[in-house]
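K.L.:
Would you be able to build a 3D model of this:
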Amino acid sequence: MTYILQRIAFSLLSLFVLVLISFLLSHIVPGDPAYVAAGPNAGAEKIAEIRAEMGLDKPVATQFFIYLGDVLRGDFGTSWFTHQPILQDIAQELPPSLELVLVAMVINLVVSLPVGLLTARFNGSRFDDLVRLVSIAGAGLPIFWTAILLQQKVAADWKLFPVAGRLSFEHRRFEGQTGFTLLDSLMQGRLDVFFDALAHLMLPAFALALLFTAVGVRITRTSMISEFKKDYVTLARAKGASEGRVMFRHVFPNGATPALTVFGMQFGWMLGTTVLVEEIFGRPGIGRYAVKAVTQSDIHGVVAVVFVVGLFFLVANLVVDLLLYAINPRKHLEG
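P.N.:
Numbers count the residues shown, from 1 in each chain. Sure thing, here's the model as predicted:
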């Protein structure tokens, strides 16, 4: 229980630091937010009035506590290019990005964990050499290049998957309650929409997952190799345990900790890099929203996106820490 409280306290402290960083970001970026909000034709009096409304005429410390109170209420201000509350914009744009990241994470986990375990078991074999070669190549491929290649070859030339978008034209009017098309289509019994949305997701998800999967395989392999060399594995084999039992009952639970820790961080990294995939495949999402906010000089929109991505990063790491503690409490208490 003490460990859980410590992790929660550390996460809250990290959240405070995140709020501070996002606040400072809005003050470091060049330009006058009041001038941008007022428009290019606004006079000095109008700009001064908007600056007072935004609280920019107050001391920096006062501005921070005002910002902290607004964040706690979920108030990030009004977007300068959509003219609606930024929280409402993010609530609309976040589900498509989370859906993409979740599918990419499933691909990542399904490939990284078993392949990393097998390469560790057959360390030094041709299979191990092949997997290491592929993972090194995959880790060196930029996400945007992978996305463009998949779009041109697999979608445009081979016509195996849709080229772009989130749904086909005939399903453009589909609406759901949660914003997650896969979930909403299943809840409504629309399997046609479900498989259409899944088809549109596969290439973007694979492009997003490839680099992270390559890294995940290498980290899983390294941690599993060290476990295979430990005395308890030798003892289990001496007692007549099958190789499958040794791998999945002994080695995997003990060697998965470093890999799962990295996977928790990868979730946040994926959410932060969806902009590359969303722009190329023409998908809605928080990444494309961030690009629009940058091009429109909407600093409040940019800061809100940074905060939300950072928040998911913190939550993902907290969940992984608690999950690892539940799997092996003694190991964490000793650490």
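K.L.:
chain center to stretch 149-168: distance?
P.N.:
Centroid displacement of stretch 149-168 relative to its chain, using CA atoms, centre = their mean, to the nearest Å, is 23 Å.
K.L.:
now the helices: where do they sit in the stretch 101-250 of the chain?
P.N.:
Along the stretch 101-250 of the chain, counting by DSSP state H, counting those that start in this stretch, helices occupy 126-139, 143-150, 181-187, 191-228, 231-238, 243-245.
K.L.:
deepest of those, which one?
P.N.:
Burial of the helices of the stretch 101-250 of the chain is given as mean neighbour count (mean count of other CB atoms under 10 Å); helix 191-228 ranks first at a mean of 21. Where you see a C-beta, it was placed from the backbone N, CA and C, and this is true even at glycine.
K.L.:
That one to helix 143-150, inter-axis angle?
P.N.:
130 degrees (axes from the mean of the first three to the mean of the last three CA atoms, to 10 degrees).
K.L.:
helices or strands up against helix 191-228?
P.N.:
helix 86-121, helix 126-139, helix 143-150, helix 181-187, helix 252-281 (3 or more CB pairs under 8 Å, 6 or more residues apart in numbering; DSSP states H and E).
K.L.:
what's residue 151 in contact with, if anything?
P.N.:
163, 164, 203, 280, 281 (CB atoms under 8 Å, 6 or more residues apart in numbering).
K.L.:
Can you tell me how far it is from residue 306?
P.N.:
Distance of residue 151 to residue 306, given as CB to CB, to the nearest Å: 28 Å.
K.L.:
same deal with residue 291?
P.N.:
Using CB to CB, we find residue 291 at a distance of 13 Å from residue 306.
K.L.:
Compare neighbour counts for the two and give me the winner.
P.N.:
The residue with more neighbours, out of residue 291 and residue 306, is residue 306; 17 against 14, by other CB atoms under 10 Å.
K.L.:
before we move on, the earlier item: mind checking which of the helices of the stretch 101-250 of the chain is nearest residue 114?
P.N.:
helix 191-228 (8.9 Å; CB to CB).
K.L.:
quick one, that closest one and helix 86-121 angle?
P.N.:
Taking the same axes, to 10 degrees, one finds helix 191-228 and helix 86-121 inclined to each other by 50 degrees.
K.L.:
Report the rounded mean pLDDT for helix 191-228.
P.N.:
Helix 191-228 shows a mean pLDDT of 95.
K.L.:
Which residues are in contact with residue 179?
P.N.:
Per CB under 8 Å, 6+ apart, neighbours of residue 179: 91, 92, 94, 95, 96.
K.L.:
Not counting its neighbours along the chain, what's nearest residue 27?
P.N.:
residue 60 (7.2 Å; CB to CB, 6 or more residues apart in numbering).
K.L.:
circling back: could you dump the helices of the stretch 101-250 of the chain into TSV and include distance to residue 324?
P.N.:
Shown next, in TSV, are the helices of the stretch 101-250 of the chain (distance: least, CB to CB, whole Å):
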stretch	distance to residue 324
helix 126-139	24
helix 143-150	28
helix 181-187	27
helix 191-228	13
helix 231-238	19
helix 243-245	22
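K.L.:
Give me the phi and psi for residue 161.
P.N.:
Backbone torsions for residue 161, taken as degrees, to the nearest 10, come to phi -140, psi 160.
K.L.:
Quick one: neighbours of it, just the number.
P.N.:
19.
K.L.:
any chance of the helices and strands packed on helix 191-228 in TSV, plus mean pLDDT?
P.N.:
Compiled in TSV, the helices and strands packed on helix 191-228 are given as follows (pLDDT from 0 to 100):
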stretch	mean pLDDT
helix 86-121	95
helix 126-139	93
helix 143-150	95
helix 181-187	96
helix 252-281	88
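K.L.:
what residues are up against the one residue sitting closest to the centre of the chain?
P.N.:
Nearest to the mean C-alpha position of the chain, by CA atoms, centre = their mean, lies residue 271 at 2.7 Å. Contact analysis of residue 271 by CB under 8 Å, 6+ apart lists 97, 98, 101, 286, 309, 312, 313.
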